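Asker: predicted coordinates and the sequence they were generated for:
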Amino acid sequence: MPVPEWLRTKEITARFRVAQEDWQAVTILLNEDGGRYVTPDNNQSGTLQYLAHGKHPLGGEVLVLHWLEQKGPLEGNTGIDTLWLQPQGDYAIKVSGTFFLDRSHDYGEIIS
């Protein structure tokens, strides 16, 4: 199954942080097979590969994505994102979730 239709082609504006570091802005763009992410200053970016999704009991969708950082401090590293995405009106999407680095105990948070 691909990324749900209502999540494709919309810019998802969020913030992320690793452990307890400062929050940083990020834009997530999804397509049928995954997508990409990029910070506003273009200093960090990477690709997202769709793995699975399901309905959240409180509404919206939960997506599991594999990420590869192509530019930034984690360049070449990979990991897993688990995102809870909820529609907010016609255009906005609320997001909350976590991400983990493969082969590491490092983790981070993602929020709207």
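Answerer: Structure received. Quantities reported herein were computed from a predicted structural model and do not represent experimental measurements.
Asker: any idea what the spatially closest residue to residue 60 that is not a sequence neighbour is bridged to?
Answerer: Leaving aside its sequence neighbours, residue 60 sits nearest to residue 86 (Cβ to Cβ, 6 or more residues apart in numbering; 3.4 Å). C-betas here are computed from N, CA, C, even on glycine. Applying DSSP bridges to residue 86 gives these bridge partners: residue 94.
Asker: residue 47 too?
Answerer: residue 36, residue 68.
Asker: residues contacting it?
Answerer: By Cβ atoms under 8 Å, 6 or more residues apart in numbering, the contact set of residue 47 is 34, 35, 36, 67, 68, 70.
Asker: again, but for residue 16
Answerer: So residue 16 contacts 23, 24, 26, 99, 108, 109, 110, 111 (Cβ under 8 Å, 6+ apart).
Asker: at 6 Å what do you get?
Answerer: Counting by Cβ atoms under 6 Å, 6 or more residues apart in numbering, residue 16 touches 24, 26, 108, 110.
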